[in-house]
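**Q** Sequence first, then the predicted structure:
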Amino acid sequence: MTGSARRRTGDSRYGGRVPLVAAVVCPHPPLLVPEVAGTAAPELDDLRAACDTAVRRLLAVDPDAVVLLGAGPTTGPIFAPATGSLQPWGVDLDVPLVPGQPDRGAVLPLSLTVGAWLLARQDVRAQVAAVQVAADAGAAEVEALAESIAGSAVRVALLVLGDGSACRGQKSPGYDDPRAEAYDRRVATALAGADLDVLLDLDPVVSTELKAAGRASWQVLAGAARSSGGGWRGELLHDAAPYGVAYFVASWERM
């Protein structure tokens with residue numbers, strides 16, 4: 001069945017619904033952008049390549065819309081035109097949500113700015129949208145956002161932005177916390193296995209203490225996948241903590 005046919009009829013496996021069709025998880029350090037990293041850019045070449053691979057896989061399912069999902073000051077959609085800036089990190093570079101958009105419009109948080117930058121590295125033909133989730137979002141807020149994404153009238157692919165703990169060693173942004181490595185290992189295993197229960201069970205308080213910026217976004221992903229129905233298969237493409245911050249890249253597809 002072609003993409004256009006699926007858009008007209010849905011998928012019989014899910015009762016004719018138009019579910020979430022794919023998702024990838026990427027981190028959002030500003031150093032991922034070579035202009036920000038400068039001479040240190042090669043240090044994240046492997047991470048950058050893994051992100052590119054994940055985004056290409058996301059686009060290969062021919063979604064109607066790609067939705068960027070990441071942490072922000074509030075919870076809700078960000079409507080185009082919207083633009084992120086890397087000026088706070090020393091580079092005069094604007095990143096529009098939709099490539100070529102002429103107006104600055106709304107302001108993208110860092111997570112969605114990096115997400116838009118990753119997306120702009122590919123040939124994107126689908127509609128692009130953005131949703132932010134508050135870092136301290138509780139279960140009800142996460143569930144409501146997840147259901148709104150899963151209930152979309154079009155075939156949605158999610159580009160989820162989120163870092164793991166920032167407490168992996170004495171030189172990390174959050175200093176050293178002995179709980180961090182186990183927390184990150186649990187997240188990595190859950191992303192590799194598309195384990196919705198583990199992600200939904202992440203403790204918001206512990207996540208905040210470990211400065212894990214991806215907690216709420218991962219939980220929205222898990223909730224949207226559950227609300228969409230069907231089974232999921234995950235693959236972990238990258239797992240490292242080069243600067244004391246855990247960076248995961250994962251790809252999820254329907255079984």
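**A** Ah, there it is.

**Q** Tell me which helix or strand the closest residue to residue 196 other than its chain neighbours sits in.
**A** Residue nearest to residue 196 in three dimensions, not counting chain neighbours: residue 222, with 4.3 Å by C-beta to C-beta, 6 or more residues apart in numbering. From N, CA and C alone the C-beta is placed, and that goes for glycine too. Secondary structure from DSSP states H and E places residue 222 in helix 215-228.

**Q** Counting neighbours, show which residues of whichever helix or strand comes after that helix come out buried.
**A** Using DSSP H and E, the helix or strand that follows helix 215-228 in sequence is strand 232-240. Buried residues in strand 232-240, defined by neighbour count with 16 or more other C-beta atoms under 10 Å: 232, 234, 235, 236, 237, 238, 239, 240.

**Q** Please name the residues that touch residue 40.
**A** Neighbour list for residue 40: residue 31 [criterion: C-beta atoms under 8 Å, 6 or more residues apart in numbering].

**Q** how about a cut-off of 10 Å?
**A** Contact partners of residue 40, counting by C-beta atoms under 10 Å, 6 or more residues apart in numbering, are 31, 34, 242, 243.

**Q** didn't the residue nearest to residue 196 look like it was pressed against residue 194?
**A** Yes. At 8.6 Å, residue 222 counts as touching residue 194 under the criterion of C-beta atoms under 10 Å.

**Q** By neighbours, which of the contacts of residue 40 wins?
**A** residue 31 (20 neighbours; other C-beta atoms under 10 Å).

**Q** quick one, phi psi at that one?
**A** phi -70, psi -10 (degrees, to the nearest 10).

**Q** just residue 141 next, same as before
**A** According to degrees, to the nearest 10, residue 141 has phi -70, psi -40.

**Q** likewise residue 160?
**A** phi -100, psi 130.

**Q** Break down this protein into its strands, ranges please.
**A** With DSSP state E as the definition, the chain shows strands at residue ranges 20-26, 65-72, 76-78, 82-85, 94-96, 106-107, 127-134, 156-161, 232-240, 247-254.

**Q** picking that back up, and residue 222 and residue 194? Which one has more around it.
**A** Ranked by neighbour count (other C-beta under 10 Å), residue 222 and residue 194 place residue 222 first, with 27 against 23.

**Q** Tell me which residues touch that one, please.
**A** By C-beta under 10 Å, 6+ apart, the contact list for residue 222 reads 23, 142, 146, 160, 190-191, 194-202, 232, 252.

**Q** go with 8 Å
**A** Per C-beta under 8 Å, 6+ apart, neighbours of residue 222: 146, 196, 199, 200.

**Q** Thank you, goodbye.
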